[in-house]
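Engineer: Starting from these lines, generate the structure:
(one chain, ligands or ions: 1)
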Amino acid sequence: MLQETITRDQPARRWQDYVVPQCWEDFTAEDHAVWDLLFARQVDLLGTRVVSPFLDGIDLLKLSHPGVPDVEGLNAILTPRTGWRTVAVPGLVPDEIFFAMLSERVFPVGNFIRTRDQLDYLEAPDCFHDMFGHIPMLAHHDFAEMAAHVGRLGSAAIAAGEGHRAARLYWHSVEFGLAKEHGGLKILGAGLASSFGEAHFSLESDEVERLPFSVEQAINTPYKHDAFQPRYLVSASLDETIAEVLELTPEALLAI
Ligand SMILES: [Fe+2]
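Structural biologist: Next comes the predicted model:
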């Protein structure tokens, strides 16, 4: 998930500077139990309300194994498949670092997990959001290409002082997008797939707008990062959105 603040008056840091050891062995039995509780609850909640590549990714990456996944175990499956790898970070990273990571097929995952009394509330995305929500789709070859391209677009947009354009594109696809699949409305975004409250809300609430996804619509649609979204963009299909985003050049992004 993106952090809004970009600090410009400090020495430039590389994305590698934000990476920390996951220290998987430091997760406690309670941490692993919280993962298992979240996983079982969310899989049951989602059922087939999520695009099928997400469910394929859960299986491929063996995410149903008990306990918090370790990043090396994930990477052993993910990297040979799509070139992506996960790295541990202590919390949100600045936007320019996040997009730089994506452009190099690196996905940051929190090195911590929420507590049992915070199952539905998060001040910052933890490893359940990052690993359960994001990593399954990165095992899908075409989505993996798109996510790396969003990283390239984001780096270019930030360099041009227009980072919000890429942030909105990212938000309305990778994070909170919906998509049609076989005629049904499905969850695409990680923020929805990993949320107990917003997953059904996004699909079923009568109180929100659902607008057709286009790159132009995404870039012109603000979002909320601290509440349920008031509107969701719906891809006509995952494949169409991937193709549309992959065709977008940095120059075109800045011209919309
Ligand atoms: Fe996220």
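Engineer: Just the pLDDT for whichever residue of the stretch 51-200 of the chain sits closest to the ion.
Structural biologist: Taking CB to the ion, the ion has its nearest neighbour within the stretch 51-200 of the chain at Ala190, 4.7 Å off. C-betas here are computed from N, CA, C, even on glycine. Listed pLDDT for Ala190 reads 97.
Engineer: I figured it hits Leu138, correct?
Structural biologist: No - in this structure Ala190 lies outside contact range of Leu138 using CB atoms under 8 Å: 9.8 Å.
Engineer: what sits against Thr224?
Structural biologist: That one is not Thr; residue 224 is Lys. Pro230 (CB atoms under 8 Å, 6 or more residues apart in numbering).
Engineer: so what's Phe112 closest to, chain neighbours aside?
Structural biologist: Asp126 (5.6 Å; CB to CB, 6 or more residues apart in numbering).
Engineer: and the one you found, what pLDDT?
Structural biologist: 96.
Engineer: The spatially closest residue to Met101 that is not a sequence neighbour - how many residues pack around it?
Structural biologist: Spatial nearest neighbour of Met101, chain neighbours left out: Trp15 (4.7 Å); criterion: CB to CB, 6+ apart. Trp15 has 21 neighbouring residues, counting by other CB atoms under 10 Å.
Engineer: rewinding a little: burial count for the residue of the stretch 51-200 of the chain closest to the ion?
Structural biologist: For Ala190, the neighbour count with other CB under 10 Å is 25.
Engineer: Excluding residues flanking it in the chain, which one is nearest it?
Structural biologist: Ala190 sits nearest to Gly133 (CB to CB, 6+ apart), 3.2 Å away.
Engineer: pretty sure that neighbour is touching Phe196, no?
Structural biologist: No - Gly133 lies out of contact with Phe196 (CB under 8 Å); the separation is 11.8 Å.
Engineer: Between the two, which is the more surrounded one?
Structural biologist: Gly133 (24 against 14).
Engineer: Now do the more buried one against Glu207, distance only.
Structural biologist: 23 Å (CB to CB, to the nearest Å).
Engineer: pLDDT (mean, whole number) over stretch 211-225?
Structural biologist: 95.
Engineer: and it with the ion, contact?
Structural biologist: No - Stretch 211-225 lies out of reach of the ion by CB under 5 Å from the ion, never closer than 10.2 Å.
Engineer: got the buried residues for that stretch?
Structural biologist: 213-215, 217-219, 221, 223 (16 or more other CB atoms under 10 Å).
Engineer: Count the residues that sit near Arg209.
Structural biologist: Let me fix one detail, which is that residue 209 is Glu and not Arg. 10.
Engineer: Confirm for me that it is in contact with Val234.
Structural biologist: No - at 10.0 Å, Glu209 does not count as touching Val234 under the criterion of CB under 8 Å.
Engineer: Quick check, pLDDT for Leu122.
Structural biologist: Looking at Leu122, the pLDDT reads 71.
Engineer: Provide the count of other residues in contact range of it.
Structural biologist: 15.
Engineer: likewise the one 5 residues further on?
Structural biologist: Neighbour count of Cys127, defined by other CB under 10 Å: 26.
Engineer: do Asp59 as well
Structural biologist: 11.
Engineer: Which residues does the helix or strand harbouring it contact?
Structural biologist: Taking DSSP states H and E as the definition, Asp59 sits inside helix 52-60. For helix 52-60, the surrounding residues in contact (CB under 8 Å, 6+ apart) are 43, 48, 63-64, 77, 81, 132, 135-140, 143, 181, 187-188, 193, 238.
Engineer: switch to 7 Å and redo it
Structural biologist: 64, 77, 135-137, 139-140, 143, 181, 193, 238 (CB atoms under 7 Å, 6 or more residues apart in numbering).
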